[in-house]
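> Give me coordinates for this.
(2 chains)
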Amino acid sequence: AQKITQTQPGMFVQEKEAVTLDCTYDTSDQSYGLFWYKQPSSGEMIFLIYQGSYDEQNATEGRYSLNFQKARKSANLVISASQLGDSAMYFCAMRELTTDSWGKLQFGAGTQVVVTP
Amino acid sequence: DTAVSQTPKYLVTQMGNDKSIKCEQNLGHDTMYWYKQDSKKFLKIMFSYNNKELIINETVPNRFSPKSPDKAHLNLHINSLELGDSAVYFCASSRSPPGEQFFGPGTRLTVL
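Next up is the predicted model:
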């Protein structure tokens, strides 16, 4: 079963606007981590932000913030003040900290973001 | 100061051939991973090594054999390449216990 669901295959956003990328997850673990990665057209995977399941505050990194709603099992990424360079594929991922997971990341299908002038 | 490097970046080969992809990290991490990204951009774990020991093997065909000569290196050897092996292969590393994973630039494998 799919553990990470990203329901938006693609989005257009205007420059300088904020955009929210949806991510829901499925786990019975109490201890887990949620990640967002950016993959521009050049192909590399760039780590953006991390939220631990026990973190009480939402994670923020510059223009990126993670809207963590534990009861709803959602971990949406908010990009504020979009820039043309934000055009990329964005992946949500989860790491379940059980003894047989050893940190493997399980990825969602991704959301393609296109920022327009 | 490349953190995680992979060679080659592109690999084009014929069906049936054997090929290797190399990965090196200079972050001092002790856990390394191989992921496969298919044509639909879906990323899936293949293998993970911790301190040169295989800890994750995600039902990958045994034509794929990872090898970790030391903590800083994790290579992927593929025998008898098939068309379906065409994908981008990413190496990643993290500290242990697992922290954020840093990815290499990827190797685009095309099997003709």
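
> isn't there a strand covering A:Gly85?
No. Per DSSP: H, G, I helix; E, B strand; the rest coil, A:Gly85 lies outside any strand segment and is helix.

> residues contacting it?
Residues counted as contacts of A:Gly85 (Cβ atoms under 8 Å, 6 or more residues apart in numbering or on different chains) are A:40, A:115. Every residue, glycine included, has its C-beta placed from N, CA and C.

> Return the list of helices and strands in contact with the lowest-mean-pLDDT helix or strand in chain B.
Of all helical and strand segments in chain B, the minimum by mean pLDDT, DSSP states H and E falls on strand B:53-57, at a mean of 83. Packed against strand B:53-57, as judged by 3 or more Cβ pairs under 8 Å, 6 or more residues apart in numbering or on different chains; DSSP states H and E, are the following elements: strand B:43-50, strand B:64-70.

> partners of it in the sheet?
Its sheet considered, strand B:53-57 pairs with strand B:43-50 (antiparallel) by DSSP bridges.

> Take the partner strand, keep the C-alpha atoms, and write them as PDB.
What follows is strand B:43-50 as a C-alpha-only set of coordinates in PDB (Å, rounded to 0.1, in the frame of the first residue of the first chain):
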ATOM      1  CA  LEU B  43      11.700   6.700  -6.400                       C
ATOM      2  CA  LYS B  44      12.100   3.400  -4.600                       C
ATOM      3  CA  ILE B  45      14.800   2.100  -2.300                       C
ATOM      4  CA  MET B  46      16.900  -0.800  -3.600                       C
ATOM      5  CA  PHE B  47      19.600  -1.400  -1.000                       C
ATOM      6  CA  SER B  48      21.100   0.100   2.100                       C
ATOM      7  CA  TYR B  49      24.500  -0.500   3.700                       C
ATOM      8  CA  ASN B  50      25.500   0.400   7.200                       C
END
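
> distance between it and the chain's centre?
Strand B:43-50 sits 8 Å away from the centroid of its parent chain (Cα atoms, centre = their mean, to the nearest Å).

> ok, back up a step: show me the one of the helices and strands packed on strand B:53-57 that comes nearest B:Ser80.
Closest of the helices and strands packed on strand B:53-57 to B:Ser80 is strand B:64-70, at 10.3 Å (criterion: Cβ to Cβ).
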